[in-house]
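Colleague: Fold the following, please.
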Amino acid sequence: MKNQIQACLLVALLGLFPTTLQAAQVEETPGAFTMAGDLLVARPIGMVLVALGTATYVVTLPFSIAGGNAKDAGNMLVVQPARETFVRCLGCRRIGRKEKIRE
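Modeller: The predicted structure is shown next:
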């Protein structure tokens, strides 16, 4: 059971990281079903991953500082999951904000 949970978390983690990490203007127009799935599935998983990444970063911080890659570790474990969770329009696949608000 524990291995299945770890496998699910790994798949979710890999699926949440986009190929482009620039916070650019987003031109996607997701539908209602996509927005609902994002709200009910992807965002809660993202929040859990941010919490797990933060905890992992704190625990491994002494080793990262000794190895000289604390900034890289923080970026990969905390910043990128947080951007994926919080800096993305609802239902969009790419990180970024919608610049134009549709009426």
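Colleague: what comes up buried for the strand or helix carrying residue 62?
Modeller: Assigning secondary structure by DSSP states H and E places residue 62 in helix 43-67. By 16 or more other Cβ atoms under 10 Å, the buried positions in helix 43-67 come out as 43, 45, 46, 49, 50, 53, 57, 64. Using the backbone N, CA and C atoms, a C-beta is placed for each residue, glycine as well.
Colleague: wait, isn't the fourth one in contact with residue 82?
Modeller: By that I understand residue 49. No. Contact criterion Cβ atoms under 8 Å: residue 49 and residue 82 do not qualify, at 9.1 Å.
Colleague: residues near residue 90, how many?
Modeller: Number of residues near residue 90 (other Cβ atoms under 10 Å) recorded here: 13.
Colleague: same question, residue 85
Modeller: Residues within reach of residue 85, counting by other Cβ under 10 Å, total 19.
Colleague: What of residue 82?
Modeller: 16.
Colleague: Now do the same contact list for it.
Modeller: Shown in contact with residue 82 (Cβ atoms under 8 Å, 6 or more residues apart in numbering): residue 50.
Colleague: distance of it from residue 68?
Modeller: Distance of residue 82 to residue 68, computed by Cβ to Cβ, to the nearest Å: 23 Å.
Colleague: try residue 48
Modeller: From residue 48 across to residue 68, the span is 29 Å (Cβ to Cβ).
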